[in-house]
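Novice: return atomic coordinates for the entry below.
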Amino acid sequence: MAKAEDGIKVLSVNRKARFNYSIQEAFECGIELVGTEVKSMKEGRFSYSDAFATVDNEQLWLVDFHISPYSHGNIFNHDPLRRRRLLVHKKEIRRLRRVVDEKGLTLVPMRFYLKRGFVKCELAIAKGKKLFDKREDIKRRDVRREIERDFKDR
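Specialist: You can find the predicted model right below:
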């Protein structure tokens, strides 16, 4: 967990999303969590490799986001795979609905972090990459590595 100068403590970064999607825009939103969920997230016991956000009844929901039950919790522990509401302004939700419906884009969580004690999510508007786009990225990365190796040797 990295600590930034703005009082932000990064819990996790979704590196796989940059490979699978081309990111068009990213923004911050809050998450509505239960007490034991916050404690589990602070311990780093969550997974969001397949997670995405949807707009339903003028609300933004995070789906397939797994938070493991808190180890010291009791009967008040939460359901690990429940849908969690994302906290964004109503105007922003309407804009996201239009973007997702018209252009066929996806809302993908990019990173989770603590900001002044609150768990925040960086959500991105993304377009899925095709296989040839991914191959292009791999090729570019390999070429960059070779160039760096050559500079290092000289």
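Novice: longest helix anywhere in this protein?
Specialist: The longest helix of the chain (DSSP state H) is helix 131-153.
Novice: give me the helices and strands touching that helix, please.
Specialist: Taking 3 or more Cβ pairs under 8 Å, 6 or more residues apart in numbering; DSSP states H and E as the contact definition, the neighbouring helices and strands of helix 131-153 are helix 15-20. Quick note: C-beta positions are derived from backbone N, CA and C, even for glycine.
Novice: count of residues packed around the spatially closest residue to Tyr113 that is not a sequence neighbour?
Specialist: In space, Tyr113 comes closest to Val10 once its chain neighbours are excluded; the distance is 4.6 Å by Cβ to Cβ, 6 or more residues apart in numbering. The tally of other residues near Val10 (other Cβ atoms under 10 Å) stands at 14.
Novice: per-residue pLDDT, Val10?
Specialist: pLDDT recorded at Val10 is 88.
Novice: quick check: pLDDT value at the residue most central in space within the chain.
Specialist: When the chain is reduced to its mean C-alpha position, the closest residue under Cα atoms, centre = their mean turns out to be Pro109, at 2.0 Å. Note on Pro109: pLDDT of 91.
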